[in-house]
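Trainee: I'll drop the sequence and a predicted model, then ask my questions.
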Amino acid sequence: MDLAQVKKEIQFLRNELDKYNYEYHVLDQPSVSDYEYDQKMQQLIKLEHEFPELQTPDSPSKRVGGEPLDAFEKVEHAVPMLSLGNAFGEGDLRDFDRRVREGLKIDEVSYVCELKIDGLAVSLRYEDGIFVQGATRGDGQTGEDITQNLKTIRSIPLRIDQKETIEVRGEAFMPQKSFLALNEQKEKSGEEPFANPRNAAAGSLRQLDPKIASKRNLDIFLYAVGQWEAGTLTSHSDRLNYLKQLGFKTNPEWRVCKNIDDVIEYVNEWVEKRANLSYDIDGIVIKVDQLDYQEKLGFTAKSPRWAVAYKFPAEEAITTLYDIELSV
Ligand SMILES: CC(C)(CNC(=O)c1ccc(Oc2ccccc2)cc1)c1ccc2c(N)nc(N)nc2n1
């Protein structure tokens, strides 16, 4: 094959692998076998190895992790990653709603309720449609550059069909199944097991060697947009739909609630349903849906006045469950 044909073949393989990856890890609807996926990946890696000048940072071959880093670089977030005030009961939620309605001088305001995934907050930056940088939350202003590790999360798109610079935020996490398998492996090799999936996800993303992170089956749900010049949407729910349209994995359980009574109903529903999820959650995040209302309410020193995290009571039961699972 001449160089032009190699280029075409590489581009074809990349598009195929990106498509398979999206179907499997974002839609959970694979259209090819693992064997066929691996075959195509091996072909791509071989061609990129033979023609290193055709390597690009957004190739699906980068999912398996490159060389280990000596240290993580610091990253200044273009837009700070804020934290959330907490609510511990129905009274706190009604107080939050009252403060919001008084701040807006209106009688009823709709909210978006989202599951609060028990993982690690991260920010993903895309320039010219390419995933160029991923960082931890850090202190909200400065985080650590963990781009290489985040590239190994198969549900993170390495390219999106949007040219404006955009920063999206979400929670990286380890599914319970992967957590139990990892701890079994650690038990077998006499290593200290992780206490919970959140620590396992944080520990995996803090590995300097991306090949380790690549084997940890991490996943992510995106839930917010940070910097985005071209942002013209008017509600948070529209933004969640837009993130999904761009190819990001968003959590399917979010709901628009027309008032605080519906929010409380949603929260109570998930106190029960939480145990059936394949990942850990530690609460529900409630956000004023309309972006102009968010703008009007603004922020305290470190949190938005238009959002709150309802925290579930810390569960002994869950930890006991992991202990039982490990002991069998
Ligand atoms: C609401 C927000 C705090 C994100 N939003 C921001 O971080 C944020 C940051 C600057 C903003 O605007 C500013 C721009 C410039 C300066 C200051 C603020 C607006 C929102 C948040 C935090 C944690 C969440 C979580 N664990 N789960 C879900 N599901 N949602 C979450 N949402």
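Mentor: Arrived safely.
Trainee: by mean pLDDT, flag the weakest helix or strand of this structure.
Mentor: Ranked by mean pLDDT, DSSP states H and E, the weakest helix or strand in the chain is helix 316-327, scoring a mean of 54.
Trainee: continuing past the top helix by length along the chain, what's the next helix or strand?
Mentor: When the chain is scanned for its longest helix (criterion: DSSP state H), the result is helix 3-25. Where DSSP states H and E defines the elements, the next helix or strand beyond helix 3-25 is helix 34-50.
Trainee: list the buried ones in the helix or strand just after that following helix?
Mentor: For helix 34-50, the succeeding helix or strand toward the C-terminus, using DSSP H and E, is strand 74-76. Within strand 74-76, the residues scored as buried using 16 or more other C-beta atoms under 10 Å are residue 75. In this view, the C-beta of every residue, glycine as well, is placed from N, C-alpha and C.
Trainee: name the strands paired with strand 74-76 and say parallel or antiparallel.
Mentor: If you go by DSSP bridges, strand 74-76 pairs up with strand 142-144 (antiparallel).
Trainee: skip ahead from the strand it pairs with and say which helix or strand is next.
Mentor: Per DSSP H and E, the helix or strand that comes after strand 142-144 is helix 147-150.
Trainee: which neighbouring elements make contact with the very next helix or strand once past that following helix?
Mentor: Downstream of helix 147-150, the next assigned helix or strand under DSSP H and E is strand 166-173. Using 3 or more C-beta pairs under 8 Å, 6 or more residues apart in numbering; DSSP states H and E, the elements in contact with strand 166-173 are strand 120-127, helix 197-205, strand 219-228.
Trainee: average pLDDT across strand 166-173?
Mentor: For strand 166-173, the mean per-residue pLDDT is 97.
Trainee: relative to helix 197-205, how tilted is it?
Mentor: Relative orientation of strand 166-173 and helix 197-205, computed by axes from the mean of the first three to the mean of the last three C-alpha atoms, to 10 degrees: 120 degrees.
Trainee: any idea how far the helix or strand just after strand 166-173 is from the middle of the chain?
Mentor: Going down the chain from strand 166-173, the next helix or strand is helix 176-188, by DSSP H and E. Chain-centre distance of helix 176-188: 21 Å, with C-alpha atoms, centre = their mean, to the nearest Å.
Trainee: pull out the buried residues from helix 176-188.
Mentor: Buried residues in helix 176-188, defined by neighbour count with 16+ other C-beta under 10 Å: 176, 178-180, 182-183.
Trainee: list the contacts of that helix.
Mentor: For helix 176-188, the external contacting residues (C-beta atoms under 8 Å, 6 or more residues apart in numbering) are 174, 192-194, 196-197, 200, 216-218, 278-280, 322, 325-326.
Trainee: can you do 10 Å?
Mentor: For helix 176-188, the external contacting residues (C-beta atoms under 10 Å, 6 or more residues apart in numbering) are 173-175, 191-201, 203-204, 215-219, 277-280, 318, 321-322, 325-326.
Trainee: quick one: average confidence on that helix?
Mentor: In this model, helix 176-188 carries a mean pLDDT of 97.
Trainee: sorry, back to before: distance to the ligand added to the buried residues of helix 176-188, as CSV?
Mentor: Formatted as CSV, the buried residues of helix 176-188 follow (distance: C-beta to the nearest ligand atom, whole Å):
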residue, distance to the ligand
176, 18
178, 20
179, 19
180, 23
182, 23
183, 24
